[in-house]
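Chemist: okay, sequence plus prediction incoming.
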Amino acid sequence: MPPGTSEERLVLLRATPFGKMPDEALAKLSRLMELQEIAAGRILCREGENEGRFCIVAEGLLKAYRILPPAREITVFLLRPKESFGFLPLLDAGPFPMNVQAVLPSKVLILRRQAFLDLLRETPDFSRVLMEHLAGRLRECVDRLGVVTSQGAASRTAQALLSLALPTGDGDGSTVATLPVSQVELARTLGVAPENLSRALARLAKEGFIARAGRRRFRIPSMDRLRVLAEER
């Protein structure tokens, strides 16, 4: 069921870092959040907008991207269910730093800035968990910078496939990774040239790390083996 009722929003929030809050504080946060349905292709946030809001993905898939000269679109990251975005304009009331667009039909829980400020004043548990969450996101950015500067295309591709992998349900322990965007967009997200991504996928297939299973779909016979490649520097 879509997370439209208060109880359903609570279920979603318990699976996020805010699930650490006491029940009373979590229930208050749930009541203040709005549910918005986003059609595929629709832009939820535009770079430069000044409307502060914090969002948690409930269903679907979104992408955050920037437009760089000359009209080059760079996908910064993909947003899956239970992931969040929008902290910067929420905290400093400044403009949104990038565009966010739905790749698939999606549902997003939204906390507006005034409700956020009220929570900060009235709910110390929210402030504590928020700081922990922001510290974790900062560590992720530092780790990602290390990956971008030290890993080759094959390792970055392996990491991307691992993050997209889901069990096939065939009973053989294998998994399938489905690319939610084109290979060109994925290459931009990984910080590699599209031709290098193509070569990396070809290498992974040749060496048995993956096997093509349809358009944008790759079967992964061994997650452990792929993880070893993903950790190579």
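Modeler: Noted; the coordinates are in hand. Numbering: from 1, shown residues only.
Chemist: in what helix or strand does the nearest residue to A213 once chain neighbours are set aside lie?
Modeler: Excluding its sequence neighbours, the residue lying closest to A213 (Cβ to Cβ, 6 or more residues apart in numbering) is R219, at 4.4 Å. Where you see a C-beta, it was placed from the backbone N, CA and C, and this is true even at glycine. Secondary structure assignment for R219, by DSSP states H and E: strand 217-220.
Chemist: just E8 next, same as before
Modeler: Assigned by DSSP H and E, E8 belongs to helix 6-14.
Chemist: count the neighbours of the closest residue to A58 other than its chain neighbours for me.
Modeler: Using Cβ to Cβ, 6+ apart and skipping residues adjacent in sequence, the residue nearest A58 is K107, 4.1 Å away. Burial measure for K107: 19 neighbouring residues, criterion other Cβ atoms under 10 Å.
Chemist: tell me the phi and psi of K107?
Modeler: For K107, the backbone dihedrals (degrees, to the nearest 10) come out as phi -130, psi 130.
Chemist: hmm, Q36 and it touching each other?
Modeler: Yes - if you go by Cβ atoms under 8 Å, K107 and Q36 touch, sitting 7.2 Å apart.
Chemist: against L104, how distant is the spatially most central residue of the chain?
Modeler: Closest to where the C-alpha atoms of the chain average out (Cα atoms, centre = their mean) is L79, at 2.6 Å. Computed as Cβ to Cβ, to the nearest Å, the L79 to L104 distance reads 11 Å.
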